[in-house]
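Participant: Test case, fold it:
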Amino acid sequence: MIIGLLKETGSEKRVAMLPEVVSGLIERKVEIFVEEGAGETAYQNDESYKKAGAQVVSRKEVLEKAEVLIQIQPPETDLVESLKKEQIWISQYNPLWNTDLVKAFISKGMVSFSLDSVPRITRAQAMDVLSSMATVSGYKAVLEAASLLPSFFPMFMTAAGTIRPANVLILGAGVAGLQAIAISRKLGAQVQVFDVRSAVKEEVMSLGAKFVEVEGAREDAAAGGYAVEQTDDFKKRQQEAINEKAIKADVVIGTAQIPGKKAPVLIPNDVVEKMKPGSVIIDLAASTGGNCELSKDNEIAEHHGVRIVGQSNYPAQMPVDASKMFGKNLSNFLALMIDEEGQLQLDFEDEIIKGTCITRDGEIINERVKSMLDSKNE
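Facilitator: Just a heads-up that it's a prediction; the model follows:
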C-alpha cells in the first residue's frame, strides 16, 4: 500500500506525519510518498523524510500513485476534483459543518475518513485528534491572553504595593477548557469556569478553579461527552450568570461548541461594552460563529477597549509538537487498516473504522452525519 502525505496550504503550518511516524509505518511494509516541502513549516526538511525511508516526490506524483491520501485540513475544491474514486481520503474535515465537502465525496463515490469523528470510546483514545489539538489550543489561548493583557496574571507583593491576580473566566470545560484552567492557575490567575455539563465540576475544582453552576441543564449520555442544545429557560438563566462573571473578568476564554451547530453566543455585544477596558476575549469557537458576538475568525478586533481574538487554529502556531501529537493519533488509526503484509484492509465491522468513515460507495455511512444532514434537508 502507498500512503501519500500532502503539503498543507494557507496558514496551516502543521504536517500530518513527522518523519518519526513515517519510519514506523515503513517498518510495517507500507510505502510512503511525501510531497516536496510538506514538512518545512513544521521544521522538517525533505532530507529527514528520505532518511526515514519515504520517497519525496511532486504533488502530481503523490496524487497519481497513492492509494491513501493524508493531510490535516480539508481538501480545497481543486484538489477534490483531481481525486480518484479508488483513493481513500483521511483528514480532519468536520463533516457536521463542512457538508459541501461531504457531498463532493459522495458524488465521487470515494471512501473518506474524518479524524474528528473518531468514536469517543476507550479503545479509540489513542486516536483522538480533537483532544490532542484542544490541549494545544487551551495552552496557547492562555499564553496569548497573558501577552495581550495590560496587567499581570499572578498576584505580586512589592514595595510599590500589591498587584491583584487576574480574573479569568473560561466558557466550556472540555479538553481545551481544562488545559486553559491548568495554565491560568500555573500563571497565578483566579479562575472561574462555566459548563452545562455537571459531570465536569469535579475536574474543574480539582484544578483549583471555581465552577459556575446554573441548575437545570439538559444532558445527553448519547452525546459522547459533548454539550447539547439547551432549553430557552436555561439559556436565559445561563446568560444572566455568564454576564455577571464576564463583566468582572480580565480575561474570557470561549471554548464552548456544539457539534454540527453554530457555537452558542455567550458574550453578546452589550456585555462586551460593560467589560473593563483592557480586558481580553480569546474565542476558540470563532470558526463556527464564536462564543462572542463580535468575534471574527482569524482576526483581532477591539470594541470599547476590549480586545477580541478570534482564533480557531492555535495548533498551527505550535507546528512541531502539534504535528507530533496529530501524527501519533493518525498512526494509531492507520494501524487498524494495515495488514501484516502492509496492504490495505478495511474492516467496516470495526467500531472505530465504521464510526470514523463518513462516505463510502456514494453514500454517507456515518449515522451521526447522516442524521444531521437529513435534518438540515427537511
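
Participant: Please make it C-alpha for all contacts and neighbour counts, starting now.
Facilitator: Noted.

Participant: any idea how far the residue nearest to residue 132 when sequence neighbours are not counted lies from residue 314?
Facilitator: Among residues not flanking residue 132 along the chain, residue 325 sits closest, at 6.3 Å (Cα to Cα, 6 or more residues apart in numbering). From residue 325 across to residue 314, the span is 14 Å (Cα to Cα, to the nearest Å).

Participant: Check residue 73 too.
Facilitator: Using Cα to Cα, we find residue 73 at a distance of 13 Å from residue 314.

Participant: Please apply the same query to residue 324.
Facilitator: From residue 324 to residue 314 the distance is 15 Å (Cα to Cα).

Participant: which one's the longest helix in the protein?
Facilitator: Once the chain is assigned using DSSP state H, the helix that runs over the most residues is helix 129-148.

Participant: Enumerate the positions of it that are buried.
Facilitator: Buried positions in helix 129-148, judged by neighbour count with 16 or more other Cα atoms under 10 Å: 129-143, 145-146, 148.

Participant: Which secondary structure elements does that helix sit against?
Facilitator: Packing partners of helix 129-148 (3 or more Cα pairs under 8 Å, 6 or more residues apart in numbering; DSSP states H and E): helix 175-186, strand 251-254, strand 280-283, helix 319-334.

Participant: Now do it: distance to the chain's middle.
Facilitator: Distance of helix 129-148 from the chain centroid (Cα atoms, centre = their mean, to the nearest Å) equals 10 Å.

Participant: now stretch 340-356
Facilitator: Centroid separation for stretch 340-356 versus its chain: 24 Å, with Cα atoms, centre = their mean.

Participant: Please spell out which residues along it are buried.
Facilitator: By neighbour count on 16+ other Cα under 10 Å, the buried set for stretch 340-356 is 342, 344, 352, 353, 354, 355, 356.

Participant: Which ones among these lie within helices?
Facilitator: Filtering the buried residues of stretch 340-356 for helices - DSSP H - leaves 352, 353, 354, 355, 356.

Participant: so can I have CSV of those residues showing distance to residue 86?
Facilitator: Listed next are these as CSV, based on distance: Cα to Cα, whole Å:
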residue, distance to residue 86
352, 21
353, 17
354, 18
355, 20
356, 18
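
Participant: Turn the residues you listed into a markdown table, including distance to residue 194 and pLDDT.
Facilitator: Listed next are these as a markdown table, based on distance: Cα to Cα, whole Å; pLDDT from 0 to 100:
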| residue | distance to residue 194 | pLDDT |
| --- | --- | --- |
| 352 | 31 | 97 |
| 353 | 34 | 96 |
| 354 | 34 | 95 |
| 355 | 30 | 95 |
| 356 | 30 | 97 |
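
Participant: Tell me the one of these nearest residue 158?
Facilitator: The nearest member of those to residue 158, counting by Cα to Cα, is residue 356 at 54.7 Å.

Participant: My guess is the closest one contacts residue 364. True?
Facilitator: No - applying Cα atoms under 8 Å as the test, residue 356 and residue 364 come out as separate, 11.3 Å apart.

Participant: I figured residue 294 hits residue 265, correct?
Facilitator: No - taking contacts as Cα under 8 Å, residue 294 lies outside contact range of residue 265: 9.5 Å.

Participant: Which of the helices or strands spans residue 112?
Facilitator: Under the criterion of DSSP states H and E, residue 112 resides in strand 111-114.

Participant: got the CA coordinates for that strand in PDB?
Facilitator: Output of strand 111-114 as PDB, limited to C-alpha atoms (Å, rounded to 0.1, in the frame of the first residue of the first chain):
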ATOM      1  CA  VAL A 111     -14.200   6.400   0.900                       C
ATOM      2  CA  SER A 112     -13.400   9.300   3.200                       C
ATOM      3  CA  PHE A 113     -12.500   9.400   6.900                       C
ATOM      4  CA  SER A 114     -12.700  12.400   9.100                       C
END
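
Participant: most remote residue from the protein's center?
Facilitator: residue 159 (43.9 Å; Cα atoms, centre = their mean).

Participant: Reformat the helices and strands packed on helix 129-148 as JSON lines; add distance to residue 4, mean neighbour count and mean pLDDT.
Facilitator: Shown next, in JSON lines, are the helices and strands packed on helix 129-148 (distance: least, Cα to Cα, whole Å; neighbours: other Cα atoms under 10 Å; pLDDT from 0 to 100):
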{"stretch": "helix 175-186", "distance to residue 4": "30", "mean neighbour count": "23", "mean pLDDT": "98"}
{"stretch": "strand 251-254", "distance to residue 4": "36", "mean neighbour count": "30", "mean pLDDT": "98"}
{"stretch": "strand 280-283", "distance to residue 4": "34", "mean neighbour count": "29", "mean pLDDT": "98"}
{"stretch": "helix 319-334", "distance to residue 4": "13", "mean neighbour count": "21", "mean pLDDT": "98"}
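
Participant: which residue ranges form the helices in the stretch 101-250 of the chain?
Facilitator: Assigned by DSSP state H, counting those that start in this stretch, the helices in the stretch 101-250 of the chain fall at 129-148, 175-186, 201-206, 232-248.
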